[in-house]
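Participant: sequence first, predicted model second:
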Amino acid sequence: MGENNTAGFNEDDVRTLDDKAFEDLYRRMYPTLKKYAIYLVKDMEEAQLILNDVFISIWKNKILLLNEKAYLFRAVKNGANNYHKTSRLNFQHLEEEEVQEIIDVRADPFQTFMYKDRIRMLYDLIDQMPERRRLIFYMYRIEGFSYKEIASLLDISVRTVEDHLVKGFQFLQEKVLKNEAEFR
């Protein structure tokens, strides 16, 4: 294999990544990728670090992209996966130490416990959805993305986003009604 620093190009279509092309790529994709990275890692600073790593890698290697969205979203997802692997190790280390929770003394302890328990059960139900539906559900309900934004990010139609959300809400409604006593 030769020195081919292209991602998604065949050998006949090799071009060089110049300053203008990189700047254009960065300006177009950074805002969307930032939202996606924040969704994946739930931390704005870590999301920005992941994006910086992705764009620095592209710049250093002069990587050309045929399908920009697919490559960049995969790179961000890989960066987020690496973040989660290292954060799990750090979390296990914290569990070994005694970490005290901050307690709101004004809150009724029973109600606080019940609220947290209901939220946990709801997230457990959401996690039972198929992966794509769960991702779309989280993007819409938790992260606040619009139908159009989700469709654009995942490269699917707005109608597909609507379909996944309707089926997701129906799934939750059925599960909550079956276990109504637990959610009261």
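Facilitator: That came through, no problem.
Participant: so for the helix or strand containing residue 76, mean pLDDT?
Facilitator: Element membership for residue 76 (DSSP states H and E) is helix 68-96. Mean pLDDT, helix 68-96: 70.
Participant: low-confidence bits of this protein, can you list those?
Facilitator: 1-16, 86-115, 181-184 (pLDDT under 70).
Participant: those helices in it, which residues are they?
Facilitator: 19-41, 44-61, 68-96, 109-126, 131-137, 147-154, 158-178 (DSSP state H).
Participant: dump these into CSV; add mean neighbour count as well.
Facilitator: For the C-beta atoms, the positions are set from N, CA and C on the backbone; glycine is no exception. Shown next, in CSV, are these (neighbours: other Cβ atoms under 10 Å):
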stretch, mean neighbour count
helix 19-41, 16
helix 44-61, 16
helix 68-96, 14
helix 109-126, 12
helix 131-137, 16
helix 147-154, 17
helix 158-178, 14
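Participant: hmm, residue 156 and residue 148 touching each other?
Facilitator: No - with contact defined as Cβ atoms under 8 Å, residue 148 and residue 156 do not form a contacting pair (11.1 Å).
Participant: which ones are touching the residue nearest the centre of the chain?
Facilitator: Geometric centre of the chain, nearest residue: residue 40, 2.7 Å, by Cα atoms, centre = their mean. Each residue near residue 40 by Cβ atoms under 8 Å, 6 or more residues apart in numbering is listed here: 47, 76-77, 80.
Participant: go again with 6 Å.
Facilitator: Residue 40 is in contact with residue 80, counting by Cβ atoms under 6 Å, 6 or more residues apart in numbering.
Participant: now swap in residue 38 and tell me
Facilitator: Counting by Cβ under 6 Å, 6+ apart, residue 38 has contacts 44, 47.
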